[in-house]
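**Student:** Provide a 3D model corresponding to the input given below.
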Amino acid sequence: MVLGSRWGIMRMAWQRSTCGFALCAGMLACGDSTSGTGSGEQSMSSTLSPETGNETTAGGATESDAEVSSDAMTTSPTTMPPGTTTDEPADSSLGPPVGFDVGSHPDAGIPDCAPGMGKGGGGSDPEFSYLWAANSAEGTISKIDTETVLEIGRFATRPDALGSPSRTSVSLSGNVAVANRSGGITKIFARESDCQESNGMGGLQTSNNAVALAWDVEECRAWYLPFDYDSQRPVAWAPGEWNTASCSWHDERLWTAGRFGQQQTEVVLIDGDAGVVIDTVDIPGLKADQFGLYGGAVDSEGNFWTTGWADGNSLVRVDIDNMEATVFPGPSVVGVSHWYGMTVDVDGYVWNCASRAARFDPDTEDWTLSPELPWWNAGCMADAEPGGLLWMGSQGLLAIDRETFEVVHMWPTPSSYGVSIDFYGYVWAVSGNGAHRVDPDTGEVTSYNGLVGAYSYSDMTGYALNTVGGGTPSG
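**Tutor:** Numbering: from 1, shown residues only. Predicted coordinates for the structure are as follows:
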């Protein structure tokens, strides 16, 4: 078990309890899968094939957002030494996990249905921890178990399979929404117990491997909401309201954004249960480009933050209560024509990521820029510790101190675009045919190479949403 790591709440896990899906944000780990013997800035790699989990050779990937194909993964020699991963059992002598918000064992007078608090009697393993990677070239989304690094489900994201999905977001209930770049949003249930009979075939028909079922056969799709945008990329869940009577999240809403042609851009708020549009707001003044609003994230209040892709782009905030849109000038840096990844951290700062990191303070409306970073970076995500690390990906995984911008880690991985963190504390890099799990402390890599043209700048696990909005009940 890793304790005292500078990057925050080390092995956050979704805790099994009588309430179902509740975040165990303990000061001690709720569950821990540490990796073997790697030390220093060196990576050890093992790769699992989609069919058998047997080891194969890892490779690198290059990809363009404007043109994605199933040939996006290109293999190249690697200098990383071979190795394996090991799972170390949690140290039972440490006792039950300590509730982060209470500083004592959670069983002592804490309500059974309190999100963000571990239950000492609930066991040390998470209920589940999945990474959802969009297979852009195939029109599907893959469900990957972050503990076993195996694909346990694949789902079509649009009836015609031509949606080119890219951004995914996981709600506090654990369900995923995926945006199709060619238009349309699909929600998929994480638990089979939530899926309902819909195809008239009797029993439950749902994918449980790397093969997607036909659109009319799959029964774990909650809903599909079509849009006729020329470009639809951002998608982000808002926290919702915690209901202690039902021990579940209610009123979960979903943000997305789309563009018609080169100019008209709008942000949309969706009812996450019903899959219908609640409200829409036009965003004026954005520069013309082929993609429009590019990345999206929410803050602790559920407000939507999104960034335009065009050179000299803008940062947009939309208030969840009144749909009021505010457009801020984006960071202007010589040599950075486009900002790619974005996230909101636990301190409330908004981040844009490319070859530099740009930090926006909503209180002062000021940008602070990092120096030029060693790699061209793309996706990014912050860990849960206030003032902790920002993880960025492209040629590998880069971690910088969010206050000083000092480079803390440079872990070699097969090329990556999307970056996410799972509820065991591993950092993931996704691109092409690979999803690569990295131990943040050792750099040890375990890869799954069964994806098809994957490309995701998004909260693929739900970690970012839980960091800013899942620790305490809302309302």
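**Student:** drop to CA atoms for contacts and neighbour counts, all remaining ones
**Tutor:** Will do.
**Student:** Next secondary structure element downstream of the least confident helix or strand in the chain by mean pLDDT?
**Tutor:** Counting by mean pLDDT, DSSP states H and E, the chain has its least confident helix or strand at strand 73-74, which shows a mean of 29. Sequence order places strand 130-135 as the next helix or strand after strand 73-74, per DSSP states H and E.
**Student:** I'd like the next helix or strand past that following strand.
**Tutor:** Assigned by DSSP H and E, the successor of strand 130-135 is strand 140-145.
**Student:** Not counting whatever helix or strand comes next after that following strand itself, show me its contacts.
**Tutor:** The element immediately downstream of strand 140-145 (helix or strand, assigned by DSSP H and E) is strand 150-156. Residues from elsewhere that reach strand 150-156 (Cα atoms under 8 Å, 6 or more residues apart in numbering): 48, 50, 53, 139-145, 206-215, 218, 448.
**Student:** Of those, keep whichever come out buried.
**Tutor:** Buried members of these, scored by 16 or more other Cα atoms under 10 Å, are 48, 50, 53, 139-145, 206-207, 209-210, 212-213, 215, 218, 448.
**Student:** Tell me where the model's unsure across the chain.
**Tutor:** Applying pLDDT under 70 to the chain flags the ranges 1-126, 334-335, 470-475.
**Student:** Now with 50, please.
**Tutor:** Flagging of the chain using pLDDT under 50 yields the residue ranges 1-111, 116-124, 471-475.
**Student:** domains for it, by residue range?
**Tutor:** 1-32+90-126, 50-59+128-469 (automatic domain parsing).
**Student:** phi, psi of Ser166?
**Tutor:** phi -140, psi -40 (degrees, to the nearest 10).
**Student:** nope, Arg259 is what I was after
**Tutor:** Per degrees, to the nearest 10, the backbone of Arg259 is at phi -130, psi 140.
**Student:** What's the local residue count around it?
**Tutor:** Using other Cα atoms under 10 Å, Arg259 has 25 other residues around it.
**Student:** One more: Ser171?
**Tutor:** Neighbours of Ser171 under the rule other Cα under 10 Å: 26.
**Student:** What residues does it make contact with?
**Tutor:** 237-239, 252, 462, 465.
**Student:** Ends of stretch 296-309, what's the gap?
**Tutor:** Stretch 296-309 has an end-to-end distance of 11 Å (criterion: Cα to Cα, to the nearest Å).
**Student:** how far away is Glu343 from Arg167?
**Tutor:** Careful, residue 343 is Thr; it's not Glu. Thr343 is 13 Å from Arg167, by Cα to Cα.
**Student:** So for those two, which sits in the more crowded spot?
**Tutor:** Set Thr343 next to Arg167 and count neighbours by other Cα under 10 Å: Arg167 wins out with 32 against 28.
**Student:** hang on, the more buried one packs against Val430?
**Tutor:** No: counting by Cα atoms under 8 Å, Arg167 does not reach Val430; the two are 11.7 Å apart.
**Student:** between the two, what contacts are shared?
**Tutor:** 455-456.
**Student:** Next, the distance between the ends of stretch 131-142.
**Tutor:** End-to-end for stretch 131-142, by Cα to Cα: 8 Å.
**Student:** repeat for stretch 365-374
**Tutor:** First-to-last residue span, stretch 365-374, Cα to Cα: 27 Å.
**Student:** neighbouring contacts of that stretch?
**Tutor:** 328, 331, 355-361, 405.
**Student:** List the buried residues of it.
**Tutor:** Buried-residue list, stretch 365-374, by 16+ other Cα under 10 Å: 367, 369-370, 373.
**Student:** Could you identify the pair within those residues that is furthest apart?
**Tutor:** Maximum pairwise distance among the buried residues of stretch 365-374 (Cα to Cα): 16.9 Å, between Trp367 and Leu373.
**Student:** Strands of the stretch 151-300 of the chain, start to end?
**Tutor:** 165-170, 176-180, 185-188, 221-225, 231-237, 241-243, 248-250, 253-260, 264-271, 276-282, 293-298 (DSSP state E, counting those that start in this stretch).
**Student:** The first one packs against which elements?
**Tutor:** Helices and strands touching strand 165-170, by 3 or more Cα pairs under 8 Å, 6 or more residues apart in numbering; DSSP states H and E, are strand 130-135, strand 176-180, strand 231-237.
**Student:** The shortest one - which strands sit beside it in the sheet, and in what orientation?
**Tutor:** Within its sheet, and counting by DSSP bridges, strand 176-180 is paired with strand 165-170 (antiparallel), strand 185-188 (antiparallel).
**Student:** just those: most buried one?
**Tutor:** Neighbour counts (mean count of other Cα atoms under 10 Å) averaged over each of the strands paired with strand 176-180 peak at strand 165-170, with a mean of 32.
**Student:** Please compute how far that one lies from its chain's middle.
**Tutor:** 8 Å (Cα atoms, centre = their mean, to the nearest Å).
**Student:** What about the contacts of stretch 365-374, which one has the most neighbours?
**Tutor:** The residue in the contacts of stretch 365-374 with the most neighbours, by other Cα under 10 Å, is Ala357 (27 neighbours).
**Student:** Can you mark which positions in stretch 297-309 are buried?
**Tutor:** 297-300, 302-309.
**Student:** between these, which is closest to Ile421?
**Tutor:** Nearest member of the buried residues of stretch 297-309 to Ile421, counting by Cα to Cα, is Ala297, at 14.7 Å.
**Student:** I'd guessed the closest one sits against Leu315; true?
**Tutor:** No: with contact defined as Cα under 8 Å, Ala297 and Leu315 do not form a contacting pair (11.5 Å).
**Student:** which residues are in contact with both of these two?
**Tutor:** Common neighbours of Ala297 and Leu315, counting by Cα under 8 Å, 6+ apart, are 305-306.
**Student:** Distance across stretch 135-155, terminal residue to terminal residue?
**Tutor:** Its start and end residues considered, stretch 135-155 measures 10 Å (Cα to Cα).
**Student:** From the chain's centroid, how far away is that stretch?
**Tutor:** With Cα atoms, centre = their mean, you get 13 Å for stretch 135-155.
**Student:** Stretch 431-442 too?
**Tutor:** Centroid separation for stretch 431-442 versus its chain: 13 Å, with Cα atoms, centre = their mean.
**Student:** Likewise for stretch 329-345?
**Tutor:** 19 Å.
**Student:** Identify all contacting residues around that stretch.
**Tutor:** Contacts of stretch 329-345 (Cα under 8 Å, 6+ apart): 294-299, 306-315, 350-356, 358, 367, 378-384, 418, 457-458, 464, 467-468.
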